[in-house]
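Chemist: the sequence and its predicted three-dimensional model are supplied below.
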Amino acid sequence: GAGVSQSPRYKVAKRGQDVALRCDPISGHVSLFWYQQALGQGPEFLTYFQNEAQLDKSGLPSDRFFAERPEGSVSTLKIQRTQQEDSAVYLCASSLDLPGALDSPLHFGNGTRLTVT
Amino acid sequence: LAKTTQPISMDSYEGQEVNITCSHNNIATNDYITWYQQFPSQGPRFIIQGYKTKVTNEVASLFIPADRKSSTLSLPRVSLSDTAVYYCLVGGLILTGGGNKLTFGTGTQLKVEL
């Protein structure tokens, strides 16, 4: 496909369950980002990968959040023991080059809407 | 980290030109200015990017004054389908990680009516 693909599109989890959210970036893109977007707010940075290396995870809200990108392509965001405050849209974005490089904008998927009940 | 400030919302009518201004008083020398558009239930989509003066593409223009402390996204002859949230981002090339420099604000909700 030509764009960033995320799955599932919607996820409902009971509080305390673990969830895994998948992101398929555009082929060949070096950079991969995860963002969390609450209703009515802008996307909030969670973590950033350069190829397989997780270079910035300063935005992860707690140690229940874990992300990986083992082969420098597909990435998974895992949330353990989900809480109601984790309910949000989780967006994945990729870019061809390093963050902020000219002519290397972020390409976003349509997100996974997580609802924790 | 250059903080950005935008109006929370704007209203317009079809066929009008819309200008959305973003303030970024502490922009750094190597920072670019990038605008994204987001529709409900979709991820943000790149609109335009610039460094200084004026940039124009098929959907918008971006005006950046000489001091670069603000920028204005101009949408010519808007239609109902331009109703969306518009985000201004400021950031430069990051060579050593630090992906959180690409930070979104709360954006500007543009509503276009007939």
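Modeler: Happy to help now that I have it.
Chemist: from residue A:67, how far off is the residue positioned nearest the centre of chain A?
Modeler: Nearest to the mean C-alpha position of chain A, by Cα atoms, centre = their mean, lies residue A:34 at 3.0 Å. Going from residue A:34 to residue A:67 by Cβ to Cβ, to the nearest Å gives 6 Å. Where you see a C-beta, it was placed from the backbone N, CA and C, and this is true even at glycine.
Chemist: between those two, what contacts are shared?
Modeler: Listed as contacting both residue A:34 and residue A:67 by Cβ atoms under 8 Å, 6 or more residues apart in numbering or on different chains are A:46-47, A:75, A:77.
Chemist: how about the residues of chain A near chain B?
Modeler: Selection of chain A residues close to chain B by Cβ under 8 Å from any Cβ of the partner chain yields A:4, A:31, A:33, A:35, A:41-45, A:47-48, A:50, A:55-56, A:58-59, A:91, A:93, A:98-103, A:105-111.
Chemist: do you know how far residue B:21 is from residue B:51?
Modeler: 17 Å.
Chemist: can you check residue A:103 too?
Modeler: Distance of residue A:103 to residue B:51, computed by Cβ to Cβ: 11 Å.
Chemist: hmm, what's the outermost residue in chain A?
Modeler: Among residues of chain A, the one most distant from the C-alpha centroid is residue A:102; the distance is 22.5 Å, by Cα atoms, centre = their mean.
Chemist: check which helix or strand covers the closest residue to that one other than its chain neighbours.
Modeler: Distances taken as Cβ to Cβ, 6 or more residues apart in numbering or on different chains place residue B:32 nearest to residue A:102, at 6.2 Å, with adjacent residues excluded. Using DSSP states H and E, residue B:32 sits in strand B:31-38.
Chemist: which among the residues of chain A next to chain B count as buried?
Modeler: By neighbour count, with 16 or more other Cβ atoms under 10 Å in any protein chain shown, the residues of chain A next to chain B hold A:4, A:31, A:33, A:35, A:42-45, A:47-48, A:50, A:55-56, A:59, A:91, A:93, A:98-101, A:105-111 as buried.
Chemist: low-confidence stretches in the chain?
Modeler: Picked chain A for this. Scanning chain A for pLDDT under 70 picks out the ranges A:1.
Chemist: wait, chain B was what I had in mind.
Modeler: For chain B, the stretches with pLDDT under 70 are B:1-2, B:93-101.
Chemist: apply 50 and report the result again.
Modeler: Low-confidence segments of chain B, defined by pLDDT under 50, are absent.
Chemist: so which residues of it form strands?
Modeler: Applying DSSP state E to chain B gives strands spanning B:9-13, B:18-23, B:31-38, B:45-50, B:53-56, B:61-64, B:70-75, B:84-92, B:108-113.
Chemist: check chain A too.
Modeler: Using DSSP E, strands in chain A cover A:5-7, A:10-13, A:19-24, A:31-37, A:44-50, A:53-56, A:65-68, A:75-79, A:88-95, A:107-108, A:112-116.
Chemist: tell me the strands beside the second one, with direction?
Modeler: Taking DSSP bridges as the criterion, strand A:10-13 forms sheet pairs with strand A:112-116 (parallel).
Chemist: now the strand it pairs with: how far from the chain's centre is it?
Modeler: In terms of Cα atoms, centre = their mean, to the nearest Å, the centre of strand A:112-116 is set 12 Å apart from its chain centre.
Chemist: could you give me the buried positions within stretch B:49-57?
Modeler: For stretch B:49-57, burial by neighbour count (16+ other Cβ under 10 Å) applies to B:49-50, B:55.
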